[in-house]
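1. With the sequence up front, the predicted model follows.
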Amino acid sequence: MDDVQSLRRILKAYKTVAMVGLSNNWYRPSYFAAKYLQKQGYKVIPVNPAYTEVLDEKCYPDLASIPEPIDIVDCFRKVEEIPALTEQAIAINAKVLWMQLGIVDEVSAKKAEVAGLEVVMNRCMKIEYARLFGGLNFIGVNTKVISSKRPLWLPY
């Protein structure tokens, strides 16, 4: 899924994110992304068996252990781990399977779509949120999102 309207809809509609592979190390990309998403109003649930807590949130060893509904499963894992994570995302009735930058698995994407999940591959939630809702353009980054159309909702 690469179209701007779909990405914008997903980021606006779904606010509970299970971040698989979230690190407790401040210098890791997953930590930066999770902290940013928290500040934007997302509930980020860490999934990593190495920790009990990350960013003041209880950390779970796997998706099945999370006791609440999950909207987005954000995968900060190697491509080899995506098939198993896809199965877990389907099992917990997630709405979206999101694979981070550099991660593309067409077979898992098809399987998730057949099960009713939306799939985003090779994209970062933090970057996409900043690009589509403001946050990159103020420092002169060309977001390649130019439109004379207003979004269907008003942010104020």
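-> Yes, it's here. Residues are numbered from 1 along each chain as shown.

2. now L101, nearest residue through space, not along the chain?
-> C124 (5.1 Å; Cβ to Cβ, 6 or more residues apart in numbering). Using the backbone N, CA and C atoms, a C-beta is placed for each residue, glycine as well.

3. so that neighbour sits right up against M99, yeah?
-> No: applying Cβ atoms under 8 Å, one finds C124 not in contact with M99, separated by 10.0 Å.

4. Neighbour count for those two, which is higher?
-> M99 (26 against 22; other Cβ atoms under 10 Å).

5. Below-threshold pLDDT in the chain: ranges please.
-> Counting by pLDDT under 70, the chain shows low-confidence ranges at 1-2, 135-156.

6. hey, where'd the helices end up in it?
-> With DSSP state H as the definition, the chain shows helices at residue ranges 4-13, 29-39, 82-91, 106-114, 125-133.

7. wait, what's in contact with the residue nearest to L101?
-> C124 sits next to 29, 33, 100-101 when contact means Cβ atoms under 8 Å, 6 or more residues apart in numbering.

8. Same check on A115?
-> Under the criterion of Cβ under 8 Å, 6+ apart, the contact list for A115 reads I90.

9. From E80, how far out is it?
-> Plainly put, A115 is 20 Å away from E80 if you go by Cβ to Cβ, to the nearest Å.

10. now swap in P29 and tell me
-> Between P29 and E80 the distance is 18 Å, computed by Cβ to Cβ.

11. sorry, back to before: the contacts of C124, buried ones only, as a ChimeraX selection?
-> Applying 16 or more other Cβ atoms under 10 Å to these, the buried members can be selected in ChimeraX as follows:
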select :33,100
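
12. what would the contacts of C124 look like in TSV with distance to A130?
-> Rendered in TSV, the data for the contacts of C124 read as follows (distance: Cβ to Cβ, whole Å):
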residue	distance to A130
P29	14
A33	10
Q100	15
L101	14
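
13. before we move on, the earlier item: can you add distance to E57 and give the helices of the chain back as a markdown table?
-> Compiled in a markdown table, the helices of the chain are given as follows (distance: least, Cβ to Cβ, whole Å):
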| stretch | distance to E57 |
| --- | --- |
| helix 4-13 | 20 |
| helix 29-39 | 8 |
| helix 82-91 | 19 |
| helix 106-114 | 25 |
| helix 125-133 | 16 |
